[in-house]
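J.: here are the coordinates; sequence isn't available:
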């Protein structure tokens, strides 16, 4: 148990108050929550009770912030979770928001993967797309499922990228080697890099 030693209205948000336990800042709460839970200076309270008050105070606020974050651009579950954690919300509040967003259809990592693939399949190879999606914290199985469903042959994309790269460049051994490395750097495989070089060279690199 701890003692509430101070309750002070926040300077930047008059609708919220800072709560101090045993003379140390513990959390911020909506003023209505302070009233609802009858929190006053001198009250002895458990941290579990205060955490529950914080949850009730911030769950809808966190959900609203998450919806606003998503409205700017589609996000993965991991991105939204990291966003809310960085905003200082309790794990319980974050999990509540995530569950609600999934329930409302705002979060769909499989569809996120598919949209990402459609947007980048003409500029990035499978390896790069796979890496980018995994860095966004998306489950490996969902990434692979989306790739299987959305990514067919990228040979046309490789040729287009190669033609753009070789524009105004001399067709010689040195530039073919640079092209080969460039295609690999875009996340395409060795076979596709060889295809790009062969398109200009006339045979396998």
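T.: Received, thanks. In this text the structure is predicted, and so the values were computed from the model without any measurement.
J.: when you work out contacts or count neighbours from here on, use the C-alpha atoms and nothing else.
T.: Fine.
J.: in space, what's closest to the spatially most central residue of the chain - neighbours in sequence excluded?
T.: The C-alpha lying nearest the average C-alpha coordinate of the chain belongs to residue 79 (CA atoms, centre = their mean; 2.1 Å). Using CA to CA, 6 or more residues apart in numbering and skipping the chain neighbours, the partner closest in space to residue 79 is residue 136 (6.5 Å).
J.: re the thing from before, quick one, grab the pLDDT at the residue nearest to the centre of the chain.
T.: Note on residue 79: pLDDT of 94.
J.: which pLDDT value goes with the residue nearest to residue 79?
T.: At residue 136, pLDDT is 91.
J.: if we can go back for a sec, I figured the residue nearest to the centre of the chain hits residue 135, correct?
T.: No. Here residue 79 does not reach residue 135: they are 9.9 Å apart, not a contact under CA atoms under 8 Å.
J.: next structured bit after the longest helix anywhere in the chain?
T.: Using DSSP state H, we find that the single longest helix of the chain is helix 47-72. Next in sequence after helix 47-72, counting helices and strands by DSSP states H and E, comes helix 77-86.
J.: what's the very next helix or strand once past that following helix in contact with?
T.: Using DSSP H and E, the helix or strand that follows helix 77-86 in sequence is helix 91-103. Residues outside helix 91-103 that contact it (CA atoms under 8 Å, 6 or more residues apart in numbering): 55, 58-60, 62-63, 66-67, 77, 80-81, 84-85, 107-108.
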